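**Student:** show me the folded form of this:
(chains A and B)
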Amino acid sequence: MKTCLVVEESRVVRKVARRLLEDLGFAVAEAADGAEGLAWCAAMMPDVVLLEADLSLASGLDFLRRLRLEPGGFRPKVIFCSAETDLERIREALDAGAAEYIIKPFDSDIVAEKLALAGAA
Amino acid sequence: MKLEACAFLAEACAARAGLEVDPAKSYLIENRLSPVARREGFASVSEMMDRLAADERLTLLCVEAMASTETRFFRDGEVLETLWKSATPKIARSRPDGVVRIWSVGCGSGQEIYSLAMLQAEAPAPTGRVELYASDLSERLMERARSGLYTSFEVQRGLTARRLVRHFENRDDRFQIARPLRQQVRWRRANLAEDLTGLGQFDIIVCRYVLDGFTKAARTRAVAQLARMTAPGGLLLLGGAEALDEAGFAPASELAGAFARAA
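**Tutor:** Model (predicted):
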């Protein structure tokens, strides 16, 4: 079973994401922030990270950079998930190594498709 | 809604556009026509339906709205990629002027023809020149397609984020296909149930998920017309389940639902 770590501040959104991902056949772990997420990754590297980057993409980019420094840290596909719609910002996230980018609000179809497009489904 | 009014609408759909509409499916009619009723200032769909017999323009708007418009970027992406990477260059080489005319029939909100425009921008044809044409029954829908404006939901259906940042621009809270791509497509309203042979022939005709909604008789006529409009040596792409019995056509080996016309 593929594993997905959801890094998201809001407990409600984490639960929604968990349900969507479980429906898609993922084993899901949750983290409330980047530090907790990195601790998870150090213990058990997931196949996919769904990374909420709502408040600032910078925190997401920072997470990505730290993750890549971990042993095996290049393996997970990191999918950004943000309300930021500026295409320049989205391009930055992709250039920094995000496998895909989900614009909020999203629905289950979009999550399923983006996972497939990222080759993570 | 009165069954009588639904029957009138169904008849108009079949007669004007070859569309198969079940007059008993009032929820579908309600669903497709409620935006029209709103725009036209009616209090309800059934109030508008009562006016149909006396209003030709309104009838046509309703017929257009009954056509299915469900589409997405890179729908059947593999078919489009194969079409672009292998079939198109082959046809280009066989043409004295190197021009390949591609027609997206029933283009709806434009995702199919823009997907081809994106493929062209990413991997330009090594030889020759490709002309992209798109048409739809609904002028209104085609104008929307021509604007190249899409919501964040639409640009996330079938489209990678890479392609989004490469081929789109922010336009307020929506996304717009970049101008160079928009300028490559020529648009024209076209009703498949009418005689379209005046448009000439096309090297590649893409007509997927359009004929499923047609009556049997209209489908037969439309397929025959599209076959005549496919240039010798060209390709006619129908939906996966569509059969083609026209002489001179054979299933294309590498493309599902495609038929090649003998040169």
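**Student:** can you say which helix or strand has the single nearest residue of chain A relative to chain B in it?
**Tutor:** Per CB to the nearest CB, A:Tyr101 is where chain A lies closest to chain B, at 3.8 Å. No exception for glycine: its C-beta is placed from N, CA and C like everyone else's. Assigned by DSSP states H and E, A:Tyr101 belongs to strand A:100-103.
**Student:** can you check B:Ser115 too?
**Tutor:** helix B:111-122.
**Student:** then that helix to CSV, C-alphas only?
**Tutor:** In CSV, the C-alpha atoms belonging to helix B:111-122 read as follows (Å, rounded to 0.1, in the frame of the first residue of the first chain):
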residue,chain,number,x,y,z
GLN,B,111,-10.2,22.0,-24.3
GLU,B,112,-9.5,19.6,-27.1
ILE,B,113,-8.3,22.0,-29.7
TYR,B,114,-6.2,23.9,-27.1
SER,B,115,-4.7,20.6,-26.0
LEU,B,116,-3.5,20.1,-29.6
ALA,B,117,-2.3,23.7,-29.7
MET,B,118,-0.2,23.0,-26.5
LEU,B,119,1.2,19.9,-28.1
GLN,B,120,2.2,22.0,-31.1
ALA,B,121,3.9,24.6,-28.9
GLU,B,122,5.8,21.9,-27.0
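**Student:** check which helices and strands it sits against.
**Tutor:** In terms of contacts (3 or more CB pairs under 8 Å, 6 or more residues apart in numbering or on different chains; DSSP states H and E), helix B:111-122 is packed against helix B:77-82, strand B:99-105, strand B:129-136, helix B:161-167, helix B:179-182, strand B:185-189.
**Student:** report the distance from that helix to the chain centre.
**Tutor:** How far helix B:111-122 lies from its chain's middle: 14 Å, per CA atoms, centre = their mean, to the nearest Å.
**Student:** any idea which residue sits dead centre in chain A?
**Tutor:** The centroid of chain A falls nearest to A:Leu50 when counting by CA atoms, centre = their mean (1.8 Å).
**Student:** looks to me like it is in a helix.
**Tutor:** No: per DSSP: H, G, I helix; E, B strand; the rest coil, A:Leu50 lies outside any helix segment and is strand.
**Student:** which residues touch B:Glu11?
**Tutor:** Listed by CB atoms under 8 Å, 6 or more residues apart in numbering or on different chains, the contact set of B:Glu11 is empty.
**Student:** in what helix or strand does it lie?
**Tutor:** With DSSP H and E as the criterion, B:Glu11 is inside helix B:3-17.
**Student:** what residues sit buried inside that helix?
**Tutor:** B:5-6, B:8-10, B:12-14, B:16-17 (16 or more other CB atoms under 10 Å in any protein chain shown).
**Student:** need the contact list for residue 94.
**Tutor:** Here I'm looking at chain A. A:101, B:161-162, B:165.
**Student:** try again with chain B
**Tutor:** B:233, B:263 are the contacts of B:Ser94 under CB under 8 Å, 6+ apart.
**Student:** repeat that for 10 Å
**Tutor:** B:Ser94 is in contact with B:100, B:128, B:203, B:232-234, B:263, counting by CB atoms under 10 Å, 6 or more residues apart in numbering or on different chains.
**Student:** of those, which belong to strands?
**Tutor:** Taking DSSP state E, the ones among the contacts of B:Ser94 that sit in strands are B:100, B:203, B:232-234.
**Student:** give me the residue from the stretch 51-200 of chain B nearest chain A.
**Tutor:** Closest point on the stretch 51-200 of chain B to chain A, by CB to the nearest CB, is B:Ala161, at 3.8 Å.
**Student:** beta partners for the nearest residue to that residue once chain neighbours are set aside?
**Tutor:** Leaving aside its chain neighbours, B:Ala161 sits nearest to A:Tyr101 (3.8 Å; criterion: CB to CB, 6 or more residues apart in numbering or on different chains). In this structure, A:Tyr101 has the following beta-bridge partners (DSSP bridges): A:Phe80.
**Student:** can you tell me the number of residues neighbouring A:Tyr101?
**Tutor:** 28 (other CB atoms under 10 Å in any protein chain shown).
**Student:** do you know how far it is from A:Leu51?
**Tutor:** Using CB to CB, to the nearest Å, A:Tyr101 is found at 10 Å from A:Leu51.
**Student:** give me the common contacts of the two.
**Tutor:** In contact with both A:Tyr101 and A:Leu51: A:60, A:78-82, A:93, using CB under 10 Å, 6+ apart.
**Student:** residues contacting B:Asp203?
**Tutor:** B:87-88, B:91-92, B:94-95, B:99-103, B:130-131, B:230-235, B:261.
**Student:** that should have said B:Phe73, apologies.
**Tutor:** B:80, B:110-112, B:114-115, B:118, B:150, B:154-160, B:163-164, B:167.
**Student:** what residues are bridge-paired with the spatially closest residue to A:Ser10 that is not a sequence neighbour?
**Tutor:** Nearest residue to A:Ser10, sequence neighbours excluded (CB to CB, 6+ apart): A:Glu52, at 7.8 Å. Going by DSSP bridges, A:Glu52 is paired in beta bridges with A:Cys81.
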